[in-house]
Structure formats: C-alpha cells, structure tokens
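Visitor: Sequence and predicted structure are below.
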Amino acid sequence: MPQQGLLREQSEPGVVSAPAAAGSVRDTGERSAPVLADSRFRSPASLSLGDVARLMERLPAQVRRMLEEEVAHGHAFLFVPVLAGAGAIFWFTLPRNPPAPLPLALLVALAVATIVVQHRSGRLPLLLFAPTLVLAGMALAQFETWRHATVILDSPVTTTISGEVHRREPAGEGRWRYFIRVHQTEQPTLRRPPRDVILLARGKHRPFEAGDAVRGRARMSPPSGPALPGLNDFAFRSFHDGIGAIGFFYGAPQAAVPSQAAALDWGRALERWIFSLRSMIADRIRSVLPGDAGAFAAAIVTDERRAISRETTEALRISGLAHIVAISGLNMALAAGIFFVGLRSCLCLFTGFAQAWPVKKIAATGALLMATAYYLVSGFAVSAERAYLMMAVMLIAVWFDRAAISLRNIALAALIMLAMAPSEIMGPSFQMSFAATAALVAGYAYWSRRGAGEDPEPSIFARGRLAPVLTGWHWMAGIFATSLIGGLSTAIYSMEHFHRLAGYGLAANLAVMPIISFVVMPAGLLGMLLMPLGLDAPLLKLMGLGLEAVIAVAKHVAAWGGDVGTGRQHPWFLSIASIGFLIALLRTRLRLVGVPIMALAFALSSQANRLPQPDILISDDGALVALRGSVLATNRARPPAFIFDQWQRALLLPEPVAPVMSPASDIGIAAAGDPSAKAALIDEQRDRIRSEMSSMLALAAADAGRFHCLPKLWCVAVAHEGGVSIAVVEDPRLAGSACDLAALVVAPRARFDECRAGAVLLNAASLRKTGAIEIYLNGSPDPSLWRVNAASAGTRRPWTSHRLYDWRNDSFDQTLPLALLRMISGSGG
C-alpha cells in the first residue's frame, strides 16, 4: 500500500527518533516491567499473601519506571493536546458563557507560575502545567467564538434576498446549493439578517458562478438544534462555520446588480478563483464520468458530495465505507504517499543526481506541494484541513531527519488544529480521524518493536519460490490489520455520535482498500496532473471503473444488513472510553490500564440501554410528535426523515404506525382549517368543534397509543401510560378547545402561552426556548408527576441565543410558562 512507503521511512538510515538518538532509554518493549523471580512461573492462585505484599511494594517503583520510559520516548507530549482539548470541550459544554476575564486571568497567573517553577524538581511543575493547558484550551475556545460572532436567524421567514455567491455545490437532479453572502433583505427587511446563508435552488436556471450577484424570494430557517436532548446540535457547527440560515429559493434565482458595498480585496479574489477552479474540476470529472461514479470521483477530489444519489450514500453508510467519500486522512495519505514514492523512485533512477542531492527530502517537498494543492482544490473542507495538517507535519519531519510516522507528530497536528479551530474537537470527524490515525501509528510502532529482535536473515521461504506468496500474505495481513485497527478505534465515536456500528465494515473495507489504493487514487492523481493538458479522460475513466466496483461492493455488503444500532449512550461514556483509549496507546504495560477503563465505559453503555425510555417525543418546532407504547405512533403519516431518523437511531425505535385519518363530519369544522374562514364562523361552530374533538378522543381512548387526525385541524391520541390525552393542533383558533379536553396540547401557532384549564401547552415560543422535548409520564395523568427533558432549556450560548430573540420588541427573553418551567426544573432539564 502507498502508506507503507511512508511507514518504512522510520526504519531507514538517518531517520532516528529522539529517544533513540539520545540513548537515554533502551527500547525494551514488553520486557520493561520487572517481575518477581520467585513468582514468575506461578499461577495467581498459588501466590501467598507475602508474595502479593511484595508485588504491591514493588508496584510503585515499576509504575515510576514505566512512566520514566514513556517520558523518555516523548509520550508526555501526547497529553498536551488532550489537556488543551479538554479545556475547549469544557468551555463549549457550559450552559452559559463564563465571565471572560476570569479564565484569562487564571491562565496568565498559572502560566507565570509554571515558568517560575519549571526548573524545580518534584511534581509542582506538572501540577501547574496541566491546569494551564486546560485554561489555554478554554481561552482558545472563547477566542474562536468571539472571532466568528455569527448572527443566526431567529425564526423561519420568507423574504427577498440579494447577495453574492460565495461558492456552489451540485445537489443532484439539476439542483444547486449556493453559499451566499447576504447584502440586503426586503419584504420584510430583517432586523438581524445573517451574513452568510445556504440556499437550495430547485428551479431550472443557468448555474451561477462564484462571485455572481443573485436575487430571489427565499424561505430561510435557522439551523436545527438537537433532535433530542444530548444529540448533535447543528446550530453549533453552523455558528462556527459562519452560516446563519439555511433554506431554498422559490423558483429560480435571478442575476442581480453587484452591490457597491462588496469591495473585492486580493484575499477574496484568490478565494473566488480557487472555488471557480474547484467547480471547473468537478464539472470536468462529472462530464467524463456520468452517474454516481462521477459524483463519487468529484467528491474524492473536490469534496462536493451532494451529487451522489441517496441510494448510494445510504449503501456506503451501512457498509462502513462512507469515510472514503470525505477527503480525510486516508485520501490525503494515499495521494501524498503515491506522489512521494513515485517522485523518489523516479529521482533514484538518475544515480548521479540521487548521490549528490537528498532525493528523499526533495520527494517530501513535492508531496507537500501536492498535498497543499489537494487541500486548496477541496474548498478548504474541514476534514481535508485536518488531514492536510497531519500530512504536512509528517512530511516536514522528513526535512529534519525525524521519524515521519510517530505519535508525537499526530499530537503536534492535533495541537495546531486546536489552536486554529478548537470547536472541531466537538465533532465526530475530528475525533474519529485522530483516533484512527493514532491507533494505526501506535499499532505499527508496537509491531515494529516486536519484529526488532527477529533474525534479519531471510528464511528459505522468503528466498524461494514462495517469496511472492509470502509477500502477498504480508500485504493482505497489513490491509486486514489496518482495517481492523481503524474500525475498532473509531467504534466508540460512531456509537456516541451516530448511535450505530457497521457490522460488516471490516469485510467491506478489506474488499475495497486494494481498489482504492491501487486503482482509484493513482488514476485520480495522474488524471489531475494531466488535466491541464487535456489528457485526463482515460485515467478518469479508469478511476470511474474502480469507483463503480466500490459502489457495487457497498451495495452488496449493505444488502447483508449489519447496521447495528447502539442507541443513545450514557453521558459519561465518551469521556471514559476516550481516556481508556488514550492510555491504551502507550508503549509500556501501562497501556493495560486502559482496558478496564474502556470496559467500564461499555458497561455504562449497556446500562444506558436498560434505562426507561421517554413516552412522548416532540420536535423543536412542534410539527412532529411521537407516542411510545405497544407500538410507535406519530401524528404524521410520513414523518420528516431528518428528525425521525435521529430519533430512531438514538432510541432504537421501530417503524411508526401512521395515524388514522378521518374526514370532517361537519362543514363548519372543515372551514375551520381554512385560514381565510371568518372568526365568527369559528365561534358559531365552537361547540360542534369541541364535540367532534371529544368524540375523536373517545375513539383514541379505545385505540390507545395511536393518533386519530382530521387533516389540517388536529390529531389526538391517548397514551397507554396513565391514559394521558394528547392533542396536536394545527389551526391556532382551535387551541382553546384542545386545552379544555386534553392534558397535553402541542399547538405551535397558538397565540397564548398557558391553558386556563390546567393542561400543559407547548407553542412555538416555548418550544424555541426549550428545543426538542422528551416526556416521561411515569404512569400518571398528573403533569406535576411527569419528568421532562428539554434539549436547550436553561442554556444561553452564542449558538443558542437566537432561540431567545423576539423580533417584535428586539430583545432576548428566556422566560418560560411557570408550569412548564417547573416540569423542566424538576427533572433536571
């Protein structure tokens, strides 16, 4: 594999690790921990109390010796980004912004104290240095939040926008997704307009290029919050990406006159040129390779993933091959590795040049330039940025005759990434990529140490006719080990963020890795180099054939099933599992300490799946309500996939039962669903409306656990648990009648905040402040005994403050109805 070309650099002359060069500690591998001579071959059952006592007496010395060995090999540096990252995570998870001067003052004080005592012996420097790193991580997180200061749209709105296309991406079926910098809004004019928005254009039009001015009527909404408490907050990521709203154009956007305020500096001009070049490359690839193969190839080269069909995307996800689509460490390592090995091999053909010049460093420089071009063409994708930093650190290490592949380089790349964008540590992409890379490097180092003591003389099998077979076996074993280590190291993060595991991911990766390594990436790299000459078509077609094979494998493996749901994890699962994983990366037997720690994390995971599940789920806009019982019932025949898919994965929900739809039995009730119906007509029919709703509640009670609906009016249900009656009201004029009959009323458009009859009311204003809600009925119809968890209640951070903004009076309001506030506070929400 191309990675092996880089991995072998560690063992070549002139590339010596710092500890080995210093000669401070001999690499003893597994033999570093002394064992009692009189108990070496005795079973644990035969040890006497005296033996155990002597073992415990020697244990501190053994631990101290192993710690000294870890420090001598530079592994203490591995925990620098860990502590800084822990500080960033702590800051991002606080419910409110801490006073800015406090952490900065503590950081300065501890930094000064650390510098003063750094030459002293003992534990004092370490005790000061560790909290200094944590505070530094908090300061970096705070600075990044100040730097972005993204204005997020407070509520859905339809308006006319004028702006400049920042970049574009194909969205399949002739649609385009535009990243637009907003210059003006009108009809209505927004008081807090977002600066950058993402809008989907579904109407037929000539695609706009980066830098074009556009204008159109658009429906915009704020980024989604967590679908359930504890799940991914998309508004957090949008805030740090600078995206203030998402939505779509009504019809096709029109060309507009460029705004005079949009002054073009050299930085923006360069960025525009890069995005235009990226679009040209993607269009060229898709023109040569139609269908999913072309969209897949464009995604690997330019990170434009939206054009891949949903069927193929789902197959890649279930089969555990979705990581290939993103420009991640695998793609960057393959591209840089192929270029490095290829350039170095070509230079070595010229013997005189190879003897006179450091061809290895020249090849590393060329690979670094190629990786830089790859990163720029990717459109500055986050995953590509992270992979580029890791690869750049490794290639620069070659310049200084240091080991290219080492855990210290991985830690240095992580530290640089944290300094640039500490918010990335909160996402699965950062966590999974660094976990996989660190595990692979640690695994390779462990295997190298095991083989260091073997006889360097090749065996008769290696010299005979079986040499090709043995080479092939080693190559396949390397692929198997790489896929296994990568899959196991990312499993805990997949469980936490995606609530699933790809059961057959190992088989799929074993099947496609040779295709990716020897067909797709080499053909793609050569194709990009020859594209300016117009000679790229044959190589792109070869790349397409390889990707068609990858898609076929993905669909075949996905047909086996294997999509194992793990459900929502314990709140401490990720932290404990990550600590155990990091300890397991050490070189001495201290790594064994990580095993029981990870076992504890998985025990917590198992316990979380046995906890009681919520009885009622309500989305943050009130449009979707689910009732758990003997079956799962929803108020919509086709629940919104974006929300419901997250509910299914987090709570391991079955397929929902559609509501029972009933035709309106009275013309007055039908008219109530018409917004143009006069209020007088509604008043005349109020008694009939209440009677009809009461009759439907009686039907729902007989069919407990299922919704009964009148289209565009209401849905009612009665829970098995406690016989709680639920009403989901679409027409705001019917909310009062629902309050009189139901115990829980979800009426997003209701104009009042509380029911006089004592029912619990959730309208759009309260749901914006609480976010998605899950309710535990506890077998009681009394709301005071319910337990309510809310996704966003009690938090006010820059990425959640838009939920508290009231555009009518231009102020922020965090107050909730008293009854709802008591329910949430009483449940710790």
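Guide: Right, received. Where do you want to start? Numbers count the residues shown, from 1 in each chain.

Visitor: Work out for me the element residue 214 sits within.
Guide: Assigned by DSSP states H and E, residue 214 belongs to strand 213-221.

Visitor: Report the rounded mean pLDDT for whichever helix or strand comes after that strand.
Guide: Later in the chain than strand 213-221, the nearest helix or strand by DSSP H and E is helix 234-241. This predicted structure assigns helix 234-241 an average pLDDT of 93.

Visitor: which other helices and strands contact the helix or strand just after helix 234-241?
Guide: The helix or strand immediately downstream of helix 234-241 is strand 245-249, counting by DSSP H and E. Counting contacts by 3 or more CB pairs under 8 Å, 6 or more residues apart in numbering; DSSP states H and E, strand 245-249 packs against strand 196-201, strand 213-221. Placement of C-beta: from N, CA and C, glycine included.

Visitor: Output the contacting helices and strands for the very next helix or strand once past strand 245-249.
Guide: Sequence-wise, the next helix or strand downstream of strand 245-249 (DSSP H and E) is strand 254-255. The elements that strand 254-255 packs onto, with contact taken as 3+ CB pairs under 8 Å, 6+ apart, are strand 213-221.

Visitor: Any idea how far the strand it packs on is from the middle of the chain?
Guide: 28 Å (CA atoms, centre = their mean, to the nearest Å).

Visitor: can you list contacts of it?
Guide: Contacts of strand 213-221 from elsewhere in the structure, counted by CB atoms under 8 Å, 6 or more residues apart in numbering, are 153, 155-165, 178, 180, 194, 197, 199, 201, 208, 245-259, 262.

Visitor: Narrow those residues to just the buried residues.
Guide: Burial by neighbour count, 16 or more other CB atoms under 10 Å: within these this picks out 153, 155, 157, 159, 161-165, 178, 180, 194, 197, 199, 201, 208, 245-249, 253, 256.

Visitor: taking the mean pLDDT, what do you get for stretch 187-204?
Guide: So the average pLDDT for stretch 187-204 ends up being 91.

Visitor: List the buried residues of it.
Guide: 190, 193-201.

Visitor: Stretch 399-417 now?
Guide: Using 16+ other CB under 10 Å as the test for burial, stretch 399-417 gives 402-417.

Visitor: Need the pLDDT of residue 376.
Guide: What the model reports as pLDDT for residue 376 is 86.

Visitor: Strands along the stretch 351-500 of the chain, start to end?
Guide: Assigned by DSSP state E, counting those that start in this stretch, the stretch 351-500 of the chain shows strands spanning 500-502.

Visitor: where in it is pLDDT low?
Guide: Applying pLDDT under 70 to the stretch 351-500 of the chain flags residues 450-472, 474.

Visitor: so where is the stretch 201-350 of the chain shaky, pLDDT-wise?
Guide: Within the stretch 201-350 of the chain, the set of residues satisfying pLDDT under 70 comprises 259-265, 267.

Visitor: nearest to residue 222, of the buried residues of stretch 187-204?
Guide: Distance to residue 222 across the buried residues of stretch 187-204 (CB to CB) is lowest for residue 194, with 8.6 Å.

Visitor: List the residues that contact residue 806.
Guide: Remark: with contacts taken as CB under 8 Å, 6+ apart, residue 806 is in contact with 154, 812-813.

Visitor: Mind listing the residues bridging to it?
Guide: residue 811 (DSSP bridges).

Visitor: Local confidence estimate at it?
Guide: Predicted confidence (pLDDT) at residue 806: the value is 79.

Visitor: Next, count neighbours for residue 714.
Guide: Neighbour count for residue 714, taken as other CB atoms under 10 Å: 30.

Visitor: what bridges to it?
Guide: With DSSP bridges as the rule, residue 714 is bridged to residue 710, residue 729.

Visitor: quick revisit: save the contacts of residue 806 as a markdown table, and put in pLDDT too.
Guide: As requested, the contacts of residue 806 are arranged in a markdown table below (pLDDT from 0 to 100):
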| residue | pLDDT |
| --- | --- |
| 154 | 89 |
| 812 | 77 |
| 813 | 73 |
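
Visitor: Contacts only, for the closest residue to residue 504 other than its chain neighbours.
Guide: For residue 504, the nearest residue in space outside its immediate sequence neighbours is residue 562; the separation is 4.0 Å by CB to CB, 6 or more residues apart in numbering. Residue 562 makes contact with 318-319, 502-505 under the criterion CB under 8 Å, 6+ apart.

Visitor: Most neighbours out of those, which is it?
Guide: Taking other CB under 10 Å to define a neighbour, the member of the contacts of residue 562 with the most is residue 319, carrying 29 neighbours.

Visitor: looking at the helices and strands packed on strand 245-249, which is closest to residue 424?
Guide: Distances from residue 424 to each of these were compared using CB to CB; the shortest belongs to strand 196-201, at 18.5 Å.

Visitor: before we move on, the earlier item: what's the distance between the residue nearest to residue 504 and residue 554?
Guide: 12 Å (CB to CB, to the nearest Å).

Visitor: re the thing from before, in helices only, show me the buried residues of stretch 399-417.
Guide: Among the buried residues of stretch 399-417, DSSP state H puts 407-417 in helices.

Visitor: Reformat those as TSV; add distance to residue 325.
Guide: TSV is the format used below for those (distance: CB to CB, whole Å):
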residue	distance to residue 325
407	27
408	30
409	26
410	23
411	27
412	27
413	22
414	23
415	28
416	25
417	21
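
Visitor: Nearest to residue 137 among these?
Guide: The shortest distance between residue 137 and any of those, using CB to CB, involves residue 415 and amounts to 10.2 Å.

Visitor: continuing past the helix or strand hosting residue 273, what's the next helix or strand?
Guide: In the assignment (DSSP H and E), residue 273 maps to helix 266-288. Once helix 266-288 ends, the next helix or strand along the chain (criterion: DSSP H and E) is helix 291-302.

Visitor: tell me the secondary structure for the nearest residue to residue 505 once chain neighbours are set aside?
Guide: By the measure of CB to CB, 6+ apart, the closest residue to residue 505 outside its immediate chain neighbours is residue 320, 2.5 Å from it. Following DSSP: H, G, I helix; E, B strand; the rest coil, we place residue 320 in the coil state.
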